[in-house]
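Undergrad: Here is my input; please provide its structure:
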Amino acid sequence: MSVGEIKRHLITFNIRVITVSRARGDAKPGSDADLLVKFNKVVSLFDLARAENALEDRLRLPVDLVMENSLKPSLRPYIEKDLKVIYAEN
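TA: This next block holds a predicted model:
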């Protein structure tokens with residue numbers, strides 16, 4: 001799947017920023033993709049689950065979506081040091 005196709009899919013779910021912790025390069029086969037996301041609008045848990053399931057189908061690997069505003073302050077430095085932005089709305 002091309003980056004353009006992924007971006008089109010993210011727009012469908014009003015995701016405006018997505019970062020990935022797999023950027024370290026130490027993911028093992030079967031590892032999930034931890035994706036930190038920001039949405040353009042308020043979303044329900046149903047919307048979040050629907051986006052997560054659709055991304056799993058598209059990427060063909062387990063996905064764990066984490067909303068950026070839900071990160072615990074104590075964990076933020078550890079998570080942010082390995083993040084790589086793979087999509088950001090202009």
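Undergrad: Who does the residue most central in space within the chain form a beta bridge with?
TA: Centrality entry for the chain: nearest residue to the mean C-alpha point is Leu35, 2.6 Å, by Cα atoms, centre = their mean. As for beta bridges, Leu35 partners with Val20, Leu65 under DSSP bridges.
Undergrad: Just checking, which helix or strand of this protein averages the lowest pLDDT?
TA: strand 15-20 (a mean of 63; mean pLDDT, DSSP states H and E).
Undergrad: Just give me the longest helix of this structure.
TA: helix 45-59 (DSSP state H).
Undergrad: in it, what counts as buried?
TA: Neighbour counts over helix 45-59 (16 or more other Cβ atoms under 10 Å) mark 48, 51-52, 55-56 as buried. (C-beta placed from N, C-alpha, C; glycine too.)
Undergrad: ditto for stretch 66-86
TA: 66, 79, 83, 86.
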